[in-house]
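**Student:** Provided below are the primary sequence and the corresponding predicted coordinates.
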Amino acid sequence: MTKISDVLTRGRSYSFEFFPPRTTEAEETLRRTLVELEPLGPSYVSVTYGAGGTTRERTHEIVVDILRNTGMTPMAHLTCAAHTRAELVEVVTHYRDAGIENVLALGGDPPADLDLPPGELHYARELVELVREIGDFSVGVAAHPEPHPKSPTRESDRYWTAKKLELADFAITQFFFEASHYFDLVKGLHAHGVTKPVLPGIMPVTNINSIKRMAQLQGSEFPTWLSDKLHAVEDDPAAVREVGMQEATKLCQELLEGGAPGLHFYTLNRSTATRELFTRLGLREGVA
């Protein structure tokens, strides 16, 4: 097995994120995507988590399947939301016993479509501590470059992000569209004495409406300059995609040139955009 904390000491990391499929067809799509992306040699891959029962179990199944049946290093996402402490202990213990060594500890929100309690733990810091008590895991946390929509101020966001990152090994950011947000986050964390790796999350725009919805949900700004470029070609889906890929490539280049310790790609369980970005960035030549 490979701990992500060890991976990050060896140089830049390039990682992929997936979510648990809800249908048999979606599960086949994910399996195909895993096969298509494994040849890129990701440093690790992560699987998101929902507090609802079915999604929770599928996260565990997918993470363990990746561990046992691929050459990729998996990381399991876990949220405090809608769980008792005992339930979280059970989940983390199952991961430990299955050989999983990497966990992304998140606060999270209870699913809007399920009538579930908020949970006994309230903050990601508490979950990091719980995970540390149960096993020798490499633990990551989330960071919001713009910042978190529930933070009263930017300074407050940086302070509390630094506090949880003090306990964790690394952070992964939500996606964003302007490198300045990322560098502001890193600068803010450094001001609080925290210099652990912060990995920028990347999601290229391939569909205007869907990406805007996701940006709104996580509290990210969809910049006017990018919206204008996309709407200028909105009647041509191929042109929209090309603009999105060009801008994602520029963003990745700026981040790497500015010293980012790697890139974390939100795949949406598809391989095409990620493989294309790898080729455009010269990370792996000849990717189809």
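**Tutor:** It's in. Numbers count the residues shown, from 1 in each chain.

**Student:** on the three-state scheme, the residue of the chain most remote from its centre is what?
**Tutor:** For the chain, the residue at maximal distance from the C-alpha centroid (Cα atoms, centre = their mean) is Asp235, at 30.7 Å. Secondary structure, DSSP: H, G, I helix; E, B strand; the rest coil: Asp235 is coil.

**Student:** repeat for Arg132
**Tutor:** Under three-state DSSP, Arg132 falls in the helix class.

**Student:** cool, the one 10 residues further on as well?
**Tutor:** Reduced to three states with three-state DSSP, the structure at Ala142 is strand.

**Student:** any idea how far it is from Ala124?
**Tutor:** Taking Cβ to Cβ, to the nearest Å as the measure, Ala142 falls 7 Å from Ala124. All C-beta spots, glycine's among them, are computed from the backbone N, C-alpha and C.

**Student:** poorly predicted segments of the stretch 151-288 of the chain, please.
**Tutor:** Along the stretch 151-288 of the chain, the model assigns pLDDT under 70 to residues 284-288.

**Student:** strands of the protein, start to end?
**Tutor:** For the chain, applying DSSP state E gives strands covering 13-18, 44-47, 74-79, 102-106, 138-143, 170-175, 198-202, 262-266.

**Student:** same list, these, but as JSON lines with distance to Leu256 and mean neighbour count please.
**Tutor:** Formatted as JSON lines, the strands of the chain follow (distance: least, Cβ to Cβ, whole Å; neighbours: other Cβ atoms under 10 Å):
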{"stretch": "strand 13-18", "distance to Leu256": "10", "mean neighbour count": "22"}
{"stretch": "strand 44-47", "distance to Leu256": "18", "mean neighbour count": "25"}
{"stretch": "strand 74-79", "distance to Leu256": "21", "mean neighbour count": "25"}
{"stretch": "strand 102-106", "distance to Leu256": "22", "mean neighbour count": "27"}
{"stretch": "strand 138-143", "distance to Leu256": "18", "mean neighbour count": "26"}
{"stretch": "strand 170-175", "distance to Leu256": "14", "mean neighbour count": "23"}
{"stretch": "strand 198-202", "distance to Leu256": "9", "mean neighbour count": "25"}
{"stretch": "strand 262-266", "distance to Leu256": "7", "mean neighbour count": "23"}
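
**Student:** quick one, which of those gets closest to Lys212.
**Tutor:** Proximity to Lys212, assessed across the strands of the chain by Cβ to Cβ, is greatest for strand 170-175 (12.3 Å).

**Student:** the closest one to strand 262-266, inter-axis angle?
**Tutor:** Strand 170-175 runs at 50 degrees relative to strand 262-266, counting by axes from the mean of the first three to the mean of the last three Cα atoms, to 10 degrees.

**Student:** contact partners of strand 170-175?
**Tutor:** Contacts to strand 170-175, defined as Cβ atoms under 8 Å, 6 or more residues apart in numbering, come from residues 4-5, 8, 46, 104, 138, 140-146, 161, 165, 182, 185, 196-203, 214-215, 218-220, 264, 266.

**Student:** same list (the strands of the chain) but as a markdown table, adding distance to Phe278.
**Tutor:** Converted to a markdown table, the strands of the chain look like this (distance: least, Cβ to Cβ, whole Å):
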| stretch | distance to Phe278 |
| --- | --- |
| strand 13-18 | 8 |
| strand 44-47 | 14 |
| strand 74-79 | 19 |
| strand 102-106 | 22 |
| strand 138-143 | 22 |
| strand 170-175 | 17 |
| strand 198-202 | 11 |
| strand 262-266 | 9 |
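
**Student:** for the ones you listed, which one sits closest to Asp157?
**Tutor:** Comparison of these against Asp157 by Cβ to Cβ identifies strand 138-143 as nearest, at 8.9 Å.
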